[in-house]
Each structure stands twice: as structure tokens, then as C-alpha cells.
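Chemist: Coordinates for the following, if possible.
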Amino acid sequence: MPDPELHPTANGDKSIFECAITCLEDFLDQANRGLDGILQMCGVRMIEDILLRLAEGGDGELSIAFMGNELWYQEYKFPV
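Modeler: Predicted coordinates for the structure are as follows:
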């Protein structure tokens, strides 16, 4: 049984839920940062870069970016 002086749990006490929500939000922030890193390593960022160039100016814009080594995958240093 929890000590009521250390952990008050009276009716209507929302602090337990507020603390749990805060902890969950912190966890989700950390998980999303990790997920972003994994997706970048897997090439999703590279595909997004190519699709963005196509959307901005079509294949001409993509060709110019490729020739200028401006695409993200051209700058990424793959592990050897």
C-alpha cells in the first residue's frame, strides 16, 4: 500500500495522471528523435530530397541538383 503522505491519492487528485502524461510525452519525444535518425539512415530522407526536387521544378531541377552534387545522398558519408 503506498504511503499517503508520500503519494497522495485522494479522490479527484489529477497529479498522478499529469505526471504519467508528462513522462509519456518525454518518452514519445525521445522515441521520435530516434525514429527520425533510423529513417534517415534507411534512406527515407534521400527519397524525400529527390521527390522534393521533382515537385519544385520537375526533372530539370532534379538534374541540376544532381549535377551540382546537391542531393542529400551525394553528401551523405556511407559507413564503410
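Chemist: what sits up against the helix or strand residue 63 falls within?
Modeler: Using DSSP states H and E, the element containing residue 63 is helix 44-67. Contacts made with helix 44-67 from outside it, assessed by Cβ atoms under 8 Å, 6 or more residues apart in numbering, are listed as 39, 70-74, 76. C-beta here means a position set from N, CA and C on the backbone, and glycine is covered the same way.
Chemist: of all those, which two lie farthest apart?
Modeler: Spatially, the most separated pair among the contacts of helix 44-67 is 39 and 70, at 20.7 Å (Cβ to Cβ).
Chemist: Go ahead and measure how far stretch 59-76 is from the middle of the chain.
Modeler: Stretch 59-76 has its C-alpha centroid displaced from the chain centroid by 24 Å (Cα atoms, centre = their mean, to the nearest Å).
Chemist: so where's the protein uncertain?
Modeler: Counting by pLDDT under 70, the chain contains low-confidence residues at 1-12, 40-43, 76-80.
Chemist: Give the buried subset of the contacts of helix 44-67 as a PyMOL selection command.
Modeler: Listed next is the PyMOL selection for buried residues among these, using 16 or more other Cβ atoms under 10 Å:
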select buried, resi 71+72
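Chemist: Go through the contacts of helix 44-67 and flag which are in strands.
Modeler: Among the contacts of helix 44-67, the subset assigned to strands under DSSP state E is empty.
Chemist: which parts of stretch 44-63 are buried?
Modeler: By neighbour count, with 16+ other Cβ under 10 Å as the criterion, the buried positions of stretch 44-63 are 49, 53, 62.
Chemist: Just the CA trace of that stretch, in PDB.
Modeler: Listed next in PDB are the C-alpha coordinates belonging to stretch 44-63 (Å, rounded to 0.1, in the frame of the first residue of the first chain):
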ATOM      1  CA  VAL A  44      13.800   7.900 -46.500                       C
ATOM      2  CA  ARG A  45      15.500  11.300 -46.200                       C
ATOM      3  CA  MET A  46      17.200  10.700 -49.500                       C
ATOM      4  CA  ILE A  47      13.900   9.800 -51.200                       C
ATOM      5  CA  GLU A  48      12.200  12.800 -49.800                       C
ATOM      6  CA  ASP A  49      15.000  15.000 -51.100                       C
ATOM      7  CA  ILE A  50      14.600  13.600 -54.600                       C
ATOM      8  CA  LEU A  51      10.800  13.900 -54.600                       C
ATOM      9  CA  LEU A  52      11.000  17.500 -53.300                       C
ATOM     10  CA  ARG A  53      13.300  18.500 -56.200                       C
ATOM     11  CA  LEU A  54      10.900  16.900 -58.600                       C
ATOM     12  CA  ALA A  55       7.900  18.700 -57.100                       C
ATOM     13  CA  GLU A  56       9.700  22.100 -57.000                       C
ATOM     14  CA  GLY A  57      10.900  22.100 -60.600                       C
ATOM     15  CA  GLY A  58      10.400  18.700 -62.300                       C
ATOM     16  CA  ASP A  59      13.200  16.600 -63.800                       C
ATOM     17  CA  GLY A  60      15.100  19.700 -64.800                       C
ATOM     18  CA  GLU A  61      15.500  20.800 -61.200                       C
ATOM     19  CA  LEU A  62      16.500  17.300 -60.200                       C
ATOM     20  CA  SER A  63      19.100  17.100 -63.000                       C
END
